[in-house]
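>>> okay, predicted coordinates and the sequence, questions at the end:
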Amino acid sequence: MEFNIDFMGKRKIAYGVSGILLVGSLISFVFSGLNLGLDYTGGNLIEIGFDRATSPDRVRLILEENGFSEAVVQNFGSQTDILVRVPPSGGGLEQDSQVDLGDRVVAVLNESLGGVTLRRSEFVGPAVGDELAENGSMGLLVALVAVMIYIMFRFTGKFAVGAVSALAHDVVIVIGAFSIFGWTANLPELAALLAVIGYSLNDTIVVSDRIRENFRTVRRGSPEQIINQSLNQTLGRTLVTSLTTLLVLFALLFAGGEQVSGFAIALAFGVVVGTYSSVYVAASVLLFMQISKQDLALPDKEIKEGSL
C-alpha cells in the first residue's frame, strides 16, 4: 500500500498537540505527582500459604470487604502461595498496630477460606522505595544518553537530537498520563517506560535510515519533500508493527490480571505516542535543524570503493 500524506506540511499542528500534551503532563506531575505504589512507598509484605490452590482475585475481594482496600495480592511461587502487600496505613490501621498485621490478615482469610498459614511478615521501609526511584530515574537517563551516543555514531548529531527529543517526548507524556489519571506506578510501570524507549527508538531508527538513504539517492526535492517521501514509505511498516504490538498488550490488559495491567496500560500508551513521535517529533527536529544532503554525503573513500 502506497501513502502520499503531507506529514511535514502539518507539523505545526503537531507542534501544538505535542506542546499541549507536554505542558499538561509537566503541570500535573509538578502539582499532583505520581500515585506511587508499594514498590516505592514501602509497606508490609505478608507471605501466606494455603492448603489448596487459591485465586488471588478471591483473596483480594475478601481483604477489600474487611477493610484492606489498598492491598496488592499476587501468587508467589505456586498456586498455594500468596503474597499480600499492604501500605503502611493499609486497612485503616495505625502505624503502631502494624506489628501484628500479618496475623490480622491471616485471621480474616481463615474465617472465610480456612487452611491459611502465615509464613512471613515483614515491613519494608520507604528508604528502599527512595532507592528504587533514584535507580529508576538514573536508568532512564542512562538509556537516553546511550541512545544519543549510538545515533551520533550510526547517523549524525542532528539525527541524535531528533531521536532523543522523540524519546524524551514519549517518556514525559506517559509519566504525565499516570499523573493525570492517577494510575498506580510500581516497578512494572518503570519497566514499561524503558520498553517504550526501546520501542520508540526502533521506529525512529527505521524512519531515520530511510531518510538518510533517500537524501543520498533522490536527485531532486527539498528536505521537506524527501522526509515526507521517507515517512510515507515506512508508514505501512510502522502501523503494522504498532497494531500487532497493541493486540498483544490488549490481551495482557484484559486477560493478564491486575499485576500486569499497569505494565500493559503504560506500554500501550507509549506505543501510540511513540508511533506519533517517530513521524512528527524526530522528523520535525531534522527540518528544524536544517538537515541537508551535505550532512549525509558519503565520505570520498566510500564513494570510490562503491564505484569499483
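Sure, I can see it.
>>> and the nearest residue to residue 33 once chain neighbours are set aside, its phi and psi?
Residue nearest to residue 33 in three dimensions, not counting chain neighbours: residue 179, with 6.6 Å by C-beta to C-beta, 6 or more residues apart in numbering. (Each C-beta comes from the backbone N, C-alpha and C, glycine too.) The phi/psi pair for residue 179 (degrees, to the nearest 10) reads phi -70, psi -40.
>>> show me the contacts for residue 179.
Counting by C-beta atoms under 8 Å, 6 or more residues apart in numbering, residue 179 touches 25, 28, 29, 32, 33, 34, 35.
>>> kindly provide the distance from the third one to residue 121.
Okay, so that is residue 29. Residue 29 is 34 Å from residue 121, where distance means C-beta to C-beta, to the nearest Å.
>>> ok, the two, which is more surrounded?
Neighbour count, other C-beta atoms under 10 Å: between residue 29 and residue 121, residue 121 has more, with 21 against 16.
>>> domain boundaries for this structure, per the record?
As assigned by automatic domain parsing, the chain contains the domains 8-36+128-303, 43-124.
>>> redo the ones you listed as TSV? Include distance to residue 2.
Listed next are these as TSV, based on distance: least, C-beta to C-beta, whole Å:
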stretch	distance to residue 2
domain 8-36+128-303	7
domain 43-124	48
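>>> which of those domains has the lowest mean pLDDT?
Lowest mean pLDDT within the domains of the chain: domain 43-124, a mean of 78.
>>> quote the end-to-end distance of that domain.
5 Å (C-alpha to C-alpha, to the nearest Å).
>>> so which elements touch the helix or strand hosting residue 15?
Element membership of residue 15 [criterion: DSSP states H and E] is helix 11-32. With contacts defined as 3 or more C-beta pairs under 8 Å, 6 or more residues apart in numbering; DSSP states H and E, helix 11-32 has these neighbours: helix 157-181, helix 258-288.
>>> would a markdown table of those helices with distance to residue 145 be doable?
Conversion of the helices and strands packed on helix 11-32 to a markdown table gives the following (distance: least, C-beta to C-beta, whole Å):
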| stretch | distance to residue 145 |
| --- | --- |
| helix 157-181 | 8 |
| helix 258-288 | 17 |
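>>> closest to residue 48 out of those helices?
Across those, residue 48 has its closest neighbour in helix 258-288 (16.2 Å, C-beta to C-beta).
>>> tell me the spacing between residue 80 and residue 180.
Relative to residue 180, and taking C-beta to C-beta, residue 80 is found at 39 Å.
>>> can you check residue 255 too?
26 Å.
>>> ok, now residue 162?
27 Å.
>>> ok, those two, which is more surrounded?
Taking neighbours as other C-beta under 10 Å, residue 162 and residue 180 compare with residue 162 leading, 29 against 14.
>>> for the closest residue to that one other than its chain neighbours, what are its contacts?
Nearest residue to residue 162, sequence neighbours excluded (C-beta to C-beta, 6+ apart): residue 285, at 3.7 Å. Residues in contact with residue 285 (C-beta under 8 Å, 6+ apart) are 158, 161, 162, 165, 166.
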